[in-house]
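*Asks:* requesting a structural model of the entry that follows:
(one chain, ligands or ions: 2)
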Amino acid sequence: MNEKMEVQWFPGHMAKTRRLIKESLSLVDMVCELVDARLPESSRNPEIDEIVGNKPRIILLNKCDLADDIATAKYIRIFSQKGIKALPVDCRSGSGIEKFRPAVREVLGEKIKANAARGMAGKPLRVMVVGIPNTGKSSFINRMAGKNRAKVADKPGVTRENRWFSIGQGIELLDTPGVLWPKFDDPEVGYKLSFIGSVKDEILDIQEIAVRLLKVLQADYPDRLTQRYRIKDFEDAEPYEVLELIARERGMLLHRGEYDTERAAVTLLDEYRGGKLGKITLDII
Ligand SMILES: Nc1nc2c(ncn2[C@@H]2O[C@H](COP(=O)(O)OP(=O)(O)O)[C@@H](O)[C@H]2O)c(=O)[nH]1
Ligand SMILES: [Mg+2]
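*Replies:* Ligands and ions are numbered 1, 2, ... in the order given. Next up is the predicted model:
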């Protein structure tokens, strides 16, 4: 599975991606790392600390509308204990993103003072957005850009495609995000990423993904399964049997009187990903 995932996502371009990100890093004052709030650990690049080096960083726990609020708050504390400012955001509705600009100014407080002392008070604070695929980088950039997206200035960058746009409060954002790779070597992480739809379903067995998700839900959020599918007494059942219960409850039958667990798997994953089972975090602290 790991090899397949690697081929699927970054066919041998990791070294190049890494080099491009490092080059762009030399142009910015800060990095904004997007993670999926449902997987605040698993949706991160394993080499991120090394790649970012000592550049100041803000972590956005995006899609917090889909994640467990208590877990999100815990992760924000964990990141802050490591000295990294983290904010919960929802880039689809825009909720929480108004805190981004003040957070940038707070994190870059020393830099702002140093610029002022050198008579460069108006020097823009430049930020680069990074994250693994599907964490919401484009959504975030589009949200922040607003109407300014049209007013991009053609300033020097690493490539001719690099553009900066002003997002107010003296901050400029690089318009192309740095796409990082996730952690490939841990199959658990691969499955977690497939639960949230960040690995193409075609490369994995959909029933296998659903069964693994059910195992986690059975252990950590059994009430959500009861509420959504009106199933009960499944605590000691095998996850595959729970999938059959869901198929039964939804009337998903095959011709020969068997339950259509394939359809049930697709339904479960669609509904989890769409937030229909409620706010759920799958990296349990
Ligand atoms: N529910 C929810 N969906 C989001 C949020 N941010 C982005 N998305 C969705 O996640 C998917 C991936 O977003 P995108 O910006 O393309 O991610 P990228 O690959 O990092 O650029 C899209 O379907 C977005 O609509 C969010 O805060 N909440
Ligand atoms: Mg994108």
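*Asks:* drop to CA atoms for contacts and neighbour counts, all remaining ones
*Replies:* OK.
*Asks:* ligand 1 contacts on the stretch 1-150 of the chain?
*Replies:* For the stretch 1-150 of the chain, the residues in contact with ligand 1 (Cα under 6 Å from any ligand atom) are 62-63, 65-66, 90-92, 133-139.
*Asks:* those residues in helices, which ones?
*Replies:* Judged by DSSP state H, these include Lys137, Ser138, Ser139 as members of helices.
*Asks:* if we can go back for a sec, closest to Asp29 out of the residues of the stretch 1-150 of the chain next to ligand 1?
*Replies:* Nearest to Asp29 among these, counting by Cα to Cα, is Lys137 at 18.2 Å.
*Asks:* wait, what's in contact with that closest one?
*Replies:* Leu34, Val129, Val130, Gly131, Pro177 (Cα atoms under 8 Å, 6 or more residues apart in numbering).
*Asks:* now, those residues that are in strands?
*Replies:* Using DSSP state E to define strands, the subset of those located there is Leu34, Val129, Val130, Gly131.
*Asks:* what ranges do the helices span in the stretch 51-200 of the chain?
*Replies:* Under the criterion DSSP state H, counting those that start in this stretch, the stretch 51-200 of the chain contains helices at 69-81, 100-107, 109-117, 137-145, 187-195.
*Asks:* can you give the contact residues for the first one?
*Replies:* Going back to what we said before, that points to helix 69-81. Ala37, Pro40, Leu61, Cys64, Lys85, Ala86, Leu87, Pro88, Lys279, Thr281, Ile284, Ile285.
*Asks:* turn the residues you listed into JSON lines, columns for pLDDT.
*Replies:* Below are the contacts of helix 69-81 laid out as JSON lines (pLDDT from 0 to 100):
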{"residue": "Ala37", "pLDDT": "98"}
{"residue": "Pro40", "pLDDT": "98"}
{"residue": "Leu61", "pLDDT": "98"}
{"residue": "Cys64", "pLDDT": "98"}
{"residue": "Lys85", "pLDDT": "98"}
{"residue": "Ala86", "pLDDT": "98"}
{"residue": "Leu87", "pLDDT": "98"}
{"residue": "Pro88", "pLDDT": "98"}
{"residue": "Lys279", "pLDDT": "98"}
{"residue": "Thr281", "pLDDT": "97"}
{"residue": "Ile284", "pLDDT": "80"}
{"residue": "Ile285", "pLDDT": "68"}
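*Asks:* of all these, which two lie farthest apart?
*Replies:* Pairwise over those, using Cα to Cα, the maximum falls at Lys85 and Lys279, 22.8 Å.
*Asks:* show me the beta-bridge partners of the residue sitting nearest the centre point of the chain.
*Replies:* Geometric centre of the chain, nearest residue: Asp36, 2.5 Å, by Cα atoms, centre = their mean. Beta-bridge partners recorded for Asp36 (DSSP bridges): Asn62.
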